[in-house]
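Visitor: This is a predicted model, with the sequence first.
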Amino acid sequence: MWKAWTELESLSKWWARKGFAWIAGTLDLKPGGRFHYGMRSPIGDEMWGKFDYREIESPHRLVFTNSFSDKDGKTVRAPFAADWPLHVLNVLTLAENGGWTALTLRGSPVNATDAEGARFKAMRASVQQGFGGTFEQLEKFLARQRG
């Protein structure tokens, strides 16, 4: 599971919204480093994003801010809502649980305006649904790795 989150080759196989295709990505896995990625929607629109890593505790914890970006990595507004927070702090933890790995991902806006905080809260169910599709892709990727 750790490698799925920390190796570009692995991320390129599953990290995208369900139905989207991977375009490209770069990874510099270190505190202060970045994962920058692009994906293409089913109708051909490009979407770019990035993780800026704050803490890395192999093999159990990643702390990073996630933002939408342009192709060059500059932070931009979300394409779906002008009042979506520019930066969301995420804490990913992995824990062994009876032969399986339990994954927990918690996110919250960073330096958000009141409107951005309200939008984040209002879209909680939608975000969970989106991550659900992404995690389905992760599950399929891991199943292929196990053989």
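Guide: Thanks, I have it.
Visitor: Which residues belonging to stretch 27-40 are considered buried?
Guide: L27, L29, R34, F35, H36, Y37, G38, M39 (16 or more other C-beta atoms under 10 Å). Quick note: C-beta positions are derived from backbone N, CA and C, even for glycine.
Visitor: Give me the helices and strands touching the biggest strand by length in the chain, please.
Guide: The residue-count maximum for a strand in the chain (DSSP state E) belongs to strand 46-57. With contacts defined as 3 or more C-beta pairs under 8 Å, 6 or more residues apart in numbering; DSSP states H and E, strand 46-57 has these neighbours: strand 34-40, strand 61-69.
Visitor: In CSV: those, plus mean pLDDT.
Guide: Conversion of these to CSV gives the following (pLDDT from 0 to 100):
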stretch, mean pLDDT
strand 34-40, 97
strand 61-69, 97
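Visitor: export those to CSV and tack on distance to T104?
Guide: Formatted as CSV, those follow (distance: least, C-beta to C-beta, whole Å):
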stretch, distance to T104
strand 34-40, 19
strand 61-69, 10
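Visitor: Ok, which of those strands comes nearest G133?
Guide: Evaluated over those, closeness to G133 peaks at strand 34-40, with 12.4 Å, by C-beta to C-beta.
Visitor: Counting by contacts, list what the closest one packs against.
Guide: helix 8-14, strand 21-27, strand 46-57.
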